[in-house]
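Chemist: Sequence and predicted structure are below.
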Amino acid sequence: MEVTIFIYNVFLIILYSIVLTLSGFYYLKTKNNCYFAISILFSLYLFDNVVIYMTESINQFSTSYNNLFISVPTYKTLIIVAILAVYIMINNIFLNLKNFKLWYFALGFLAIFLFIIPVMEKTALKSWLFYIPGDIFFIIFNIYILNIIKNKKTTENSDILIYYEKLVKYTLFMSCLVFLEDSFVIFEIDVYSDTILNITNRNFSEDILRISESVVSILYFLNFFSFASKQKEDLQVMPLSNDRKSTSKDRVEDDEHNYYIFHLFCNTYFFTIREQEIFKHLLDDKNNKLISESLYISIGTVKSHVHNIFIKTNVSNRRELLQVYNKWIESKLRVQNK
C-alpha cells in the first residue's frame, strides 16, 4: 500500500511539475498573464499534494498536521482561498468578467468564515463546515461562468468558446463530486474524538479534476508548440517584402506571411474568432463606428470586444496594442533571420 501511495504521488508531482514548467516557459516567451496564472495554480497544486503525501506517509507529521488543522487551519485556508482566487483570475483573463471584483470580495468573506471555524468544538461538523463553503463557492462560480459563456455564444459561437464551455461543464460536474466525497468521508470515514483524530486529507475526485486539468494544459501547450513550430518553418521560407522586388507572386507570399504572423499572435493571446476580426480592423486604424458597420454589430459590442483584447494583451489603448503587436512581430523576425 505504501508503494502504491508513493508511486501515485510521484506521478502527481511529475504531472504538476510538467505543467508548471511549460506554463512558466510560455509566460516568459509571451508575457501572457494567463500562463502566469496557470503557473501559480499548479504551484499551489504541487505544494498541496506534497503536504498531503506527507500526512499519508509520515505518522508523526500526520498527527501534528491534523491537530493543527482542527485547531488553527491557517495553511489549508490559504491554499483553498489562493486556488479559488487563481481560478477567478484565469476566467477573468479569458472571459473578461464584468463582476470579477465581486467574486474576490465574496472570496474575502469566505476566508474570514474559514478563519472563524476554529472556535467550534472538535467534531466532524466542524471539519465539514470548513470544507463545504469552498466547495459550494466553486460550484456556484462554475455555474456563473457557464452562464457568461452562454451569453457570449449569442454574439459569437467560436470553437474556443465551445471547447471552454465543455471544460467548465466537466469542472462543474467534478466539483459536485468533490462536494459529495468531502461530505461522505468526513461523516462516514474520518474519526473525531478526544482520544483519536483520524482525518483523510486527500479528495480523489479533486485529484481526478486536477489530473484532467493537467492533461488538458499539456495537450494545449504541445499543440501550441506544434503550431508555433509550423509558423516558424513557414516564416523561414517566406522572405520579407523589403528584401526583394515587389511582384505579384511576392505580394501573395507577403499576404501569407502576414496571415501566419497574425494568427500566431491571436493564438498566443487567446483571441476568439470575433476578437480576431475586430483586431484586424484595429490594425487598419478603424474607429468603433466603422468596425460596427463593417461587422454588422453594435458599437457597444465592438467596445466590449476591444476591451477584451486590451485585457488579454495587457494594454490600455490602441497605440499600446500596436506597439505590442509590432514588438511581437520584430521578435519573430529576429528568430527568422537567425
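Modeler: Received the coordinates, thanks.
Chemist: residue ranges for the helices of the chain, please.
Modeler: 2-30, 33-57, 59-71, 74-95, 100-116, 124-152, 159-188, 204-236, 248-268, 273-283, 288-295, 299-313, 318-337 (DSSP state H).
Chemist: which residues touch the second one?
Modeler: The list of residues contacting helix 33-57 from outside it, by CB atoms under 8 Å, 6 or more residues apart in numbering, reads 2, 5-6, 9, 12-13, 16-17, 19-20, 23-24, 26-27, 61-62, 65-66, 75, 79, 82-83, 86-87, 89-90, 93-94, 201-202, 210, 214, 217, 270, 312, 314. In this view, the C-beta of every residue, glycine as well, is placed from N, C-alpha and C.
Chemist: Centre of the chain to that helix, how far?
Modeler: Chain-centre distance of helix 33-57: 14 Å, with CA atoms, centre = their mean, to the nearest Å.
Chemist: tell me the angle it makes with helix 2-30.
Modeler: Going by axes from the mean of the first three to the mean of the last three CA atoms, to 10 degrees, helix 33-57 is angled at 160 degrees with respect to helix 2-30.
Chemist: Next: the fifth one.
Modeler: Taking the same axes, to 10 degrees, one finds helix 100-116 and helix 2-30 inclined to each other by 150 degrees.
Chemist: Tell me the helices and strands packed up against helix 100-116.
Modeler: Applying 3 or more CB pairs under 8 Å, 6 or more residues apart in numbering; DSSP states H and E, one finds that helix 100-116 makes contact with helix 74-95, helix 124-152.
Chemist: Kindly recompute the last result at 6 Å.
Modeler: Helix 100-116 sits against helix 74-95, with contacts defined as 3 or more CB pairs under 6 Å, 6 or more residues apart in numbering; DSSP states H and E.
Chemist: Please identify the buried residues of the helix it packs on?
Modeler: Buried residues in helix 74-95, counted by 16 or more other CB atoms under 10 Å: 76-77, 79-95.
Chemist: Same question for stretch 270-281.
Modeler: Residues 270-272, 274-279, 281 are the ones in stretch 270-281 that count as buried (16+ other CB under 10 Å).
Chemist: ok, the closest residue to Asn9 other than its chain neighbours - how many residues close by?
Modeler: Counting by CB to CB, 6 or more residues apart in numbering, Asn9 lies nearest to Tyr53, which is 4.2 Å off, once chain neighbours are set aside. By other CB atoms under 10 Å, the residues close to Tyr53 number 20.
Chemist: Quick check: the gap between Tyr53 and Gly300.
Modeler: 51 Å (CB to CB, to the nearest Å).
Chemist: repeat for Trp128
Modeler: 45 Å.
Chemist: So which of these two has more stuff around it?
Modeler: Neighbour count, other CB under 10 Å: between Trp128 and Gly300, Trp128 has more, with 17 against 10.
Chemist: Surely that one touches Glu188?
Modeler: No - between Trp128 and Glu188 there is no contact, the gap being 11.3 Å when judged by CB atoms under 6 Å.
Chemist: and the residue nearest in space to the middle of the chain, what does it touch?
Modeler: Nearest to the mean C-alpha position of the chain, by CA atoms, centre = their mean, lies Ile90 at 4.1 Å. Contacts for Ile90 (CB atoms under 6 Å, 6 or more residues apart in numbering) come out as Ala37.
Chemist: distance of it from Tyr170?
Modeler: Ile90 sits 15 Å away from Tyr170, going by CB to CB.
Chemist: So this protein: which segments form each domain?
Modeler: Here the domain assignment for the chain is 2-219, 238-337, based on automatic domain parsing.
Chemist: what about the first one, how long is it end to end?
Modeler: End-to-end span of domain 2-219 (CA to CA, to the nearest Å): 31 Å.
Chemist: Could you give the number of residues near the nearest residue to Ile79 once chain neighbours are set aside?
Modeler: Distances taken as CB to CB, 6+ apart put Asp48 closest to Ile79, at 5.3 Å, once the chain neighbours are dropped. With neighbours defined by other CB under 10 Å, the count for Asp48 comes to 21.
Chemist: same thing with the one 10 residues further on?
Modeler: Taking other CB under 10 Å as the criterion, the count of residues near Ile58 is 12.
Chemist: Look up phi and psi at it.
Modeler: phi -120, psi 110 (degrees, to the nearest 10).
Chemist: So in this structure, where's the weakest helix or strand by average pLDDT?
Modeler: Of all helical and strand segments in the chain, the minimum by mean pLDDT, DSSP states H and E falls on helix 248-268, at a mean of 61.
Chemist: if we can go back for a sec, the helices of the chain: lowest mean pLDDT?
Modeler: Lowest mean pLDDT of the helices of the chain: helix 248-268, a mean of 61.
Chemist: separation between the residue nearest to Ser71 when sequence neighbours are not counted and Leu282?
Modeler: Among residues not flanking Ser71 along the chain, Pro118 sits closest, at 6.0 Å (CB to CB, 6+ apart). Counting by CB to CB, the gap from Pro118 to Leu282 is 53 Å.
Chemist: Same drill for these two, tell me which one is more crowded.
Modeler: Neighbour totals were compared for Pro118 and Leu282, and Leu282 leads with 21 against 16 (other CB under 10 Å).
Chemist: With adjacent residues omitted, what lies nearest to that one?
Modeler: That would be Arg318: by CB to CB, 6+ apart, it lies 6.1 Å from Leu282.
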